[in-house]
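> Got a predicted model here, sequence first, then my questions.
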Amino acid sequence: MLRRKISSELQRWLNTDHKLLYIVGARQVGKTYILKKLINDNFENRVYVNILGDARTYNVLRKSQSAQDFIERIINLYPVLEKENSAIFIDEIQVFYDEDSSLKDNNDKKIFDILTLSKEIVINTDIRFIFSGSLLGSISSSVRSFPEGYCLMYQMYPLDFEEFMWANDISEKTISDLKYSFDNLEPVKDYVHDDLIRLYKIYLMVGGMPEAVATYVDKHNFNDVEAVHKSIEEFIQFDISQYAPKKDKIHIKNIYKLLPSELNKENKRFILSDIESKSKNNKLETAFEWIHGAGVSLPVYNTSSPELPLEINKKSTLVKVFHEDVGILTYLLFKASAKLSLIDGDISINYGSIYENAVAQSLNSHGFPLYYYNSKKQGELDFIIEYDNSVLPIEVKSGKDYQKHSALDNIMKIKDYRIEKSFVLCNQNLYVDENIIYLPIYMVDFIQKR
């Protein structure tokens, strides 16, 4: 079993006073596996229901008139839950909020809002409830309110590089030494650095989807990993066809289709006219919001000024769109031979987009809203985040020209911005040049909210 960071949060839920657990995340990030293990390891009486494939349970539950009615219907369906130490895990909860679902009667537009009624469900039963769903963006507008005091909600992501190191048997001491180097701005031992740079490049090829990681760890064969990526990518396209709102479906499909080619452009920004020249911007923005909310892609918005708070200066029509998983992106972009060239250090191929995608993926999983900055006068910064109550510019360099960053130099000279330090993520070992800190790319996972 792959070790996941969310396990500590699940333990926290077990120790809470009877709250409902809700885990969201994109398809194939490992939600079902880890939650099944949770109920199997901790509850004597447990039930797993995949509501997407169980029309009988769905048709019974969707007719619930109240939280108490919902509980009674659950017990009638699964009498074992009347016993002590019982839990039920309902998977694919988004089906309840999908008006186009094939499970619904065409004339039945009323839905039972399970999430809004979580408080009443918790109060009225000793059964522990776990809900999980993909494509959060497809249901968020249907949920009237969210009772935070009675529900713990966690987002699950693909494995980050630290979890990938765990999977590949990197010792806890090595990881602890890396964190010490990061915190104290000391270089890593050269032989350790070289090994980890190579492992990170493998991570760029494999990505963080659990099945792809497990396949690599078991077989060390990129052809087998690609077969997993192909399957997951087909699932993503199916989900868009199944759950995307009809009025936005064509735009969402086009955005996803264009994602790899847009990332390969020099500025990596989506140009709305590339999708459909006759479309109105507000319709396209809705499509972008859905695909981001569904966890299929990661948005990085333009901020007009590198000053706090970054959100105030956000420009929603200027956006870079990264893939949810860097492994699937490399599957879409490169053949196996090109992937091996990256691992072997071939610098003739431009891998900048996948380096940036991996950084966006990591920062997003650590809860950072992501921005970039672009100015005709100063140039463009890859990422800007709020870090330690300050603005932190981050540049990502995949080649040997990592010391060339004119935009960063220009920004750091402007005293009015009060930027104390910046990070350059690259293939080199850690060193500091005044207020610019050069970090090996694998240290991106140590950039976390304090």
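That came in fine, so what should we check first? Numbering: from 1, shown residues only.

> top helix in the chain by residue count?
helix 222-243 (DSSP state H).

> Beyond that one, next helix or strand please.
Next in sequence after helix 222-243, counting helices and strands by DSSP states H and E, comes helix 249-263.

> Report the mean per-residue pLDDT for that following helix.
Average pLDDT, helix 249-263: 86.

> now stretch 423-443
97.

> list the buried ones in that stretch?
For stretch 423-443, burial by neighbour count (16 or more other C-beta atoms under 10 Å) applies to 423-430, 436-443. In short, each C-beta sits where N, CA and C put it, glycine included.

> hang on, the earlier thing: what's next to the longest helix of the chain, contact-wise?
Residues outside helix 222-243 that contact it (C-beta atoms under 8 Å, 6 or more residues apart in numbering): 27-28, 94, 98, 100, 134-135, 138, 205-207, 209, 211-212, 215-216, 249, 252-253, 256, 291, 294, 296, 325, 327-328, 331-332, 336, 339-340.

> Now the buried members of these.
If we count by 16+ other C-beta under 10 Å, those have these buried: 27-28, 94, 98, 134-135, 138, 205-207, 209, 211-212, 215-216, 249, 252-253, 256, 291, 294, 296, 325, 327-328, 331-332, 339.

> Report the backbone C-alpha coordinates of whichever strand or helix holds Ser176 in PDB.
In this structure, Ser176 sits in helix 172-184 according to DSSP H and E. Extracted as PDB, the C-alpha positions of helix 172-184 are listed here (Å, rounded to 0.1, in the frame of the first residue of the first chain):
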ATOM      1  CA  GLU A 172      13.300   8.900   6.500                       C
ATOM      2  CA  LYS A 173      16.800  10.100   7.500                       C
ATOM      3  CA  THR A 174      17.500  11.200   3.900                       C
ATOM      4  CA  ILE A 175      14.200  13.100   3.800                       C
ATOM      5  CA  SER A 176      14.800  14.600   7.200                       C
ATOM      6  CA  ASP A 177      18.300  15.800   6.000                       C
ATOM      7  CA  LEU A 178      16.700  17.400   3.000                       C
ATOM      8  CA  LYS A 179      14.200  19.300   5.200                       C
ATOM      9  CA  TYR A 180      17.100  20.400   7.400                       C
ATOM     10  CA  SER A 181      19.000  21.700   4.300                       C
ATOM     11  CA  PHE A 182      15.900  23.600   3.100                       C
ATOM     12  CA  ASP A 183      15.200  25.200   6.500                       C
ATOM     13  CA  ASN A 184      18.900  26.100   7.100                       C
END
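
> pretty sure Ile74 contacts Leu81?
Yes: between Ile74 and Leu81 there is a contact under C-beta atoms under 8 Å: 6.4 Å.

> Can you work out which residues contact both of those two?
Residues touching both Ile74 and Leu81 (C-beta under 8 Å, 6+ apart): Ile88, Ile127.

> returning to that earlier point: quick check: buried residues in the longest helix of the chain?
Buried residues in helix 222-243, defined by neighbour count with 16+ other C-beta under 10 Å: Phe222, Val225, Glu226, Val228, His229, Ile232, Glu233, Ile236, Asp239, Ile240, Gln242, Tyr243.

> angle of that helix against helix 249-263?
Between helix 222-243 and helix 249-263, the angle comes out at 150 degrees (axes from the mean of the first three to the mean of the last three C-alpha atoms, to 10 degrees).

> Looking at the buried residues of stretch 423-443, which one is closest to Asp190?
Distance to Asp190 across the buried residues of stretch 423-443 (C-beta to C-beta) is lowest for Asn429, with 6.9 Å.

> any low-confidence regions in the chain?
For the chain, applying pLDDT under 70 flags the ranges 98-112, 135-146, 266-283, 336-338, 345-350.

> Tell me the backbone dihedrals of Tyr402, please.
For Tyr402, the backbone dihedrals are phi -60, psi -20 (criterion: degrees, to the nearest 10).

> Tell me how many other residues surround it.
A count of neighbours around Tyr402, defined by other C-beta atoms under 10 Å, yields 17.

> show me the contacts for the nearest residue to it once chain neighbours are set aside.
Distances taken as C-beta to C-beta, 6 or more residues apart in numbering place Cys426 nearest to Tyr402, at 3.8 Å, with adjacent residues excluded. Counting by C-beta under 8 Å, 6+ apart, Cys426 touches Val396, Lys397, Ser398, Tyr402, Tyr438, Leu439, Pro440, Ile441.

> The fourth one reaches Tyr438, doesn't it?
Yes: Tyr402 is within contact range of Tyr438, at 7.0 Å (criterion: C-beta under 8 Å).

> Need the overlap of contacts for the two.
Both Tyr402 and Tyr438 are in contact with Val424, Cys426, Gln428, where contact means C-beta under 8 Å, 6+ apart.

> Right, I'll leave it there.
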